[in-house]
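> following is a predicted model, sequence given first.
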Amino acid sequence: MNNSARFATVINCMDGRTQLPIINYMRTKFNVDYVDNITEPGPVKVIAEQSNDFQLRSIQQRVMISQDKHGSKHLALVAHYDCTGNHVEKNKQIEQLRKSLETIRLWGFKGMIVGLWVNENWQVEEITFNR
């Protein structure tokens with residue numbers, strides 16, 4: 001591996017429709033070469049509800065591998081339109097996204113963490129929350 005390669009990390013839905021828009025967004029926004037993809041069906045639901053310890057720990061471990069082994073300094077958590085793994089309205093997913101970002105901050109990721117929404121046109125929107 002090229003030691004000067006720059007990485008970002010994404011916790012994304014497994015839905016293939018979201019993959020390329022998110023990878024392209026991350027590469028452009030953060031000027032990185034590669035995007036480590038951690039995929040789960042409906043990840044904002046998994047993290048917000050914290051009802052499956054195995055899934056939650058697995059996501060956290062993969063985030064830390066990306067940070068520790070690839071030097072990732074940017075992490076995005078993704079929610080999206082028409083999510084089969086989390087079939088709720090956008091407002092509910094955005095609330096789950098906010099709650100999930102709070103949890104991820106407690107994991108000790110040392111870089112920038114952002115929330116992203118992929119809309120019905122498969123365009124990426126950054127979601128900001130007041131802290």
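Structure's in. What do you need?

> pretty sure G85 sits in a strand.
No. Counting by DSSP: H, G, I helix; E, B strand; the rest coil, G85 falls outside a strand, being coil.

> count of neighbours near it?
The tally of other residues near G85 (other CB atoms under 10 Å) stands at 15. For glycine as for every other residue, the C-beta is placed from the backbone atoms N, C-alpha and C.

> and for A48?
Around A48 there are 22 other residues, counting by other CB under 10 Å.

> over to I94?
Neighbours around I94, by other CB under 10 Å: 16.

> check which helix or strand covers it.
I94 belongs to helix 90-106 when assigned by DSSP states H and E.

> buried residues in that helix?
Burial within helix 90-106, assessed by neighbour count using 16 or more other CB atoms under 10 Å, is assigned to Q93, I94, E95, Q96, L97, R98, K99, S100, L101, I104.

> ok, now stretch 31-46?
In terms of neighbour count (16+ other CB under 10 Å), stretch 31-46 has its buried residues at 32, 34-40, 42-46.

> what residues are up against the residue most central in space within the chain?
Nearest to the mean C-alpha position of the chain, counting by CA atoms, centre = their mean, stands L77 at 2.2 Å. By CB atoms under 8 Å, 6 or more residues apart in numbering, the contact set of L77 is 10-11, 43-44, 47, 97, 100-101, 104, 113-116.
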